[in-house]
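**Q** Return a 3D structure for these sequence lines:
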Amino acid sequence: MHALVGYKLEMTFEKNRRFAARLNAFKLGASDYWPRKNTITTVDLLKRAASAGLNATDLNYPDHFLNVSIKDLKQVLNDTGIILNGNAMRYYSDPNFKLGAFTHPDKAIRRLAIEETKKGLDSLAELDGKIMTLWMGQDGMDYSFQADYQCLWDNTIDAMAEVADYIPDIKIGLEYKPNEPRAFSLMPDAATTLLAIKEIGRTNLGVVLDFAHILYADEMPAFAASLVDRHSQILGVHLNDGYGKWDNGLMVGSVHPIQTIELLFELLRLNYDGVIYFDTFPDHSGLDPVSEARTNISTVNRLIDVAKSLLSNKEMAAAIKNQDAPASMEIVQTALSS
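**A** Numbering: from 1, shown residues only. I've put the predicted structure just below:
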């Protein structure tokens, strides 16, 4: 069964390896890259991203839609050959949502968040995008006795159901994260997110997996992917790395290469054929975003090839079946060195 699944995805992956990255990282060094240009637009960022070899993108709403038309976005996507994967809501752009978007105590603010999300979906539909990512970092709590937990949950479930029903052909991917900016997020891990999806009961809902978020949720990345696929659907994969303490956003495989390979191995088994999004922060440490993106692309291409070789390795299958960790680690190290 595993060999069959691996072969099926191998054919898909070889033709459709699609990579995206944080567009805002390409603002770094703007004065040198765009001399005498006062305003850097989303069109500029997409062109610079394309120069790094990226062939897909996610656009933040509303940030990446300010001072640019849908017509201009369609044109630059066509000119660069970049495929729009989807939009990602950025509630932190509005100070109204500091105390919560879907969970704000003021009903009018909650309604504002829902309507803003619908506008994001409208823009996505105009661009023929298929996936809206919701990272609800503002929805949570910071103190004991700050919130009615049942009320927070109910408001979130109701809001998500309304959003999911707005344009049913667009999939809604929930990206979980343990904390930041709130001390405790309402959707901190895979299990809680899956409980919410089950309660909402909409078939266009799923999960966006972020490697660094998974690490500091104390989860095993490959197991999280397996669990999500079993109970819902994987709608996106954000690759990066970190030390499991917060959202470091380091280059792919720089800290946890083995776990990254296992995640890719599991995604191959599960026949994931979506975009790989590099949610990394070269701009935080002054790295050249183009070089950083190219490194991520070459690293992931290499690690996918390693994962594919492991998928067809009979010795690896036997080691996993027998839970023989020394044997499996030796096989992985051999694959990495070949």
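**Q** what are the bridge partners for the residue nearest in space to the middle of the chain, then?
**A** The chain has residue 238 as the residue nearest its centroid, 3.7 Å off, counting by Cα atoms, centre = their mean. With DSSP bridges as the criterion, residue 238 is bridged to residue 210, residue 277.
**Q** Could you list which residues are in contact with it?
**A** 175, 208-213, 277-279 (Cβ atoms under 8 Å, 6 or more residues apart in numbering). From N, CA and C alone the C-beta is placed, and that goes for glycine too.
**Q** hmm, 6 Å instead?
**A** Residue 238 makes contacts with 210, 277, 279, as judged by Cβ atoms under 6 Å, 6 or more residues apart in numbering.
**Q** Same check on residue 289?
**A** Contacts of residue 289 by Cβ under 6 Å, 6+ apart are 25-26, 28, 282.
**Q** and if we set it to 8 Å?
**A** So residue 289 contacts 21, 25-26, 28-29, 48, 52, 282-283 (Cβ under 8 Å, 6+ apart).
**Q** Determine which two of these are furthest apart.
**A** The span of the contacts of residue 289, defined through Cβ to Cβ, is set by 21 and 29 at 15.3 Å.
**Q** More neighbours: which of these two?
**A** Shown here are residue 21 and residue 29; by other Cβ atoms under 10 Å, residue 21 has more neighbours (29 against 14).
**Q** So what's the residue count around the closest residue to that one other than its chain neighbours?
**A** In space, and not counting its chain neighbours, residue 21 is closest to residue 278: 4.1 Å by Cβ to Cβ, 6 or more residues apart in numbering. Number of residues near residue 278 (other Cβ under 10 Å) recorded here: 26.
**Q** and residue 278, what is it in contact with?
**A** 19-22, 238-240, 252, 293, 296.
**Q** mind redoing it with 10 Å?
**A** By Cβ atoms under 10 Å, 6 or more residues apart in numbering, the residues touching residue 278 are 19-22, 25, 52, 54, 238-240, 249, 251-252, 292-293, 295-297, 299-300.
**Q** what are the C-alpha coordinates of stretch 307-324, in CSV please?
**A** Provided in CSV are the C-alpha atoms of stretch 307-324 (Å, rounded to 0.1, in the frame of the first residue of the first chain):
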residue,chain,number,x,y,z
ALA,A,307,11.9,11.0,1.7
LYS,A,308,10.9,9.4,-1.6
SER,A,309,13.8,7.0,-1.4
LEU,A,310,12.8,6.0,2.1
LEU,A,311,9.2,5.5,1.0
SER,A,312,10.3,2.7,-1.4
ASN,A,313,12.9,1.2,1.0
LYS,A,314,11.8,-2.2,2.2
GLU,A,315,14.3,-2.1,5.1
MET,A,316,12.8,1.1,6.2
ALA,A,317,9.3,-0.3,6.0
ALA,A,318,10.4,-3.3,8.1
ALA,A,319,12.1,-1.0,10.7
ILE,A,320,9.0,1.1,11.1
LYS,A,321,6.8,-2.0,11.4
ASN,A,322,9.0,-3.3,14.1
GLN,A,323,9.6,0.1,15.8
ASP,A,324,13.3,-0.5,15.3
